[in-house]
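1. here's a sequence, model it:
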Amino acid sequence: MYEISDPPYVILVVGLFAGITSCTAFITTLKQLLKEWSSSRSTRVLANLRGFQLLLPYSGITVGICLFLASCLQVFTFSAMFSYSFSIPLTVLMAGLVWYQLTRLLIQLEQKGTKGIDLDDLSLGKMIPQKD
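-> Residues are numbered from 1 along each chain as shown. Reported below is the predicted structural model:
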């Protein structure tokens, strides 16, 4: 008999939807706070960038990606136990590294301003084209 969780197509779609909607909220919040910071140059705004206001949609992205990844593995006939034991640590590790990188970028922005951001120091110089 077919069960709704075998394979978990519903969880796959829910995870993808949660990741996409949370990403949209994350980008909108980040743009809004950076625009506010550029007009006021207040360190309080940058502190908000590292706070709950940005962490909530980022957590939604993380949970959505984890559900999507685990569901994809289950679709390819891996067990649920293996899928989640692989997806959770991988997603937490990647999310932690990206959050650490974002925090370092915001600290550089706070200390040196937009002209002082060194993309090569953040290992982003090769991915983001720079104008001379």
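2. how far does whatever helix or strand residue 24 lives in sit from the chain's center?
-> Assignment of secondary structure by DSSP states H and E places residue 24 within helix 9-40. Helix 9-40 has its average C-alpha position 8 Å from the chain's average C-alpha position, going by CA atoms, centre = their mean, to the nearest Å.
3. other SSEs contacting it?
-> If you count contacts as 3 or more CB pairs under 8 Å, 6 or more residues apart in numbering; DSSP states H and E, helix 9-40 packs onto helix 43-49, helix 52-75. (C-beta placed from N, C-alpha, C; glycine too.)
4. where does this protein have its least confident helix or strand?
-> With mean pLDDT, DSSP states H and E as the measure, the helix or strand of the chain carrying the lowest mean pLDDT is helix 43-49 (a mean of 69).
5. name the nearest residue to the most centrally placed residue in the chain, sequence neighbours excluded.
-> Taking CA atoms, centre = their mean, the centroid of the chain lies closest to residue 58, which sits 4.8 Å from it. For residue 58, the nearest residue in space outside its immediate sequence neighbours is residue 26; the separation is 5.7 Å by CB to CB, 6 or more residues apart in numbering.
6. contacts only, for the one you found.
-> Counting by CB atoms under 8 Å, 6 or more residues apart in numbering, residue 26 makes contact with 54, 57-58, 60-61.
7. cool, residue 49 as well?
-> Applying CB under 8 Å, 6+ apart, the residues contacting residue 49 are 30, 33-34, 37, 106.
8. same thing but 10 Å
-> Neighbouring residues of residue 49 by CB atoms under 10 Å, 6 or more residues apart in numbering: 29-30, 33-34, 36-37, 55, 102-103, 105-106, 109-110.
9. and what of residue 82?
-> Residue 82 makes contacts with 70, 73-74, as judged by CB under 10 Å, 6+ apart.
10. measure it to residue 20 for me?
-> For residue 82, the distance to residue 20 under the criterion CB to CB, to the nearest Å works out to 26 Å.
11. and for residue 106?
-> Residue 106 sits at a distance of 24 Å from residue 20 (criterion: CB to CB).
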